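A.B. asks: I would like the atomic coordinates for the input below:
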Amino acid sequence: MAMDGTRERGFYTNLFGWALPEPMDMGPMGKYHFIAHDGVTLGGVMDKMPDHPAAAWNHYFWVDSVTAAKATAEARGGSIAMGPHEVPGGQWVIMGTDPQGAAFALVGGQ
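C.D. replies: Coordinates of the predicted model:
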């Protein structure tokens, strides 16, 4: 999540040579601008939501089942702050913190 997505996308594309494939419309949340390098999608940049305290990177990990991964994370001391919820394209997402307070997100099938 970026304070100024246009500026930040420009900074990182110039710094790393990233490409910007077609963005995904997230409705009221704005557009999620994918970033890619050598044809491989690496992540995305979107404008910070008003209720989010600061601009920040978040690491997303692909999982087969977000529901199963949520249960495992909670059983091992993690906390889930948001989700699971479906995002455009049919994937599901959760965001949480590990037992030490580090943020993470999981994305995959339901």
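A.B. asks: Leaving out chain neighbours, which residue sits closest to residue 4?
C.D. replies: Spatially, and ignoring its direct neighbours in sequence, residue 4 is nearest to residue 47 (7.7 Å; C-beta to C-beta, 6 or more residues apart in numbering). For glycine as for every other residue, the C-beta is placed from the backbone atoms N, C-alpha and C.
A.B. asks: what's the answer for residue 19, then?
C.D. replies: Closest to residue 19 by C-beta to C-beta, 6+ apart is residue 36, at 4.7 Å.
A.B. asks: Which secondary structure element is home to the one you found?
C.D. replies: Here residue 36 sits within strand 31-37, counting by DSSP states H and E.
A.B. asks: which helices and strands sit right next to that strand?
C.D. replies: Identification of packing neighbours for strand 31-37 by 3 or more C-beta pairs under 8 Å, 6 or more residues apart in numbering; DSSP states H and E yields helix 5-16, strand 24-25, strand 40-45.
A.B. asks: With mean neighbour count, distance to residue 63 and mean pLDDT added, can I get the ones you listed in a markdown table?
C.D. replies: Putting those into a markdown table (neighbours: other C-beta atoms under 10 Å; distance: least, C-beta to C-beta, whole Å; pLDDT from 0 to 100) gives the following:
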| stretch | mean neighbour count | distance to residue 63 | mean pLDDT |
| --- | --- | --- | --- |
| helix 5-16 | 14 | 26 | 93 |
| strand 24-25 | 12 | 19 | 90 |
| strand 40-45 | 15 | 16 | 90 |
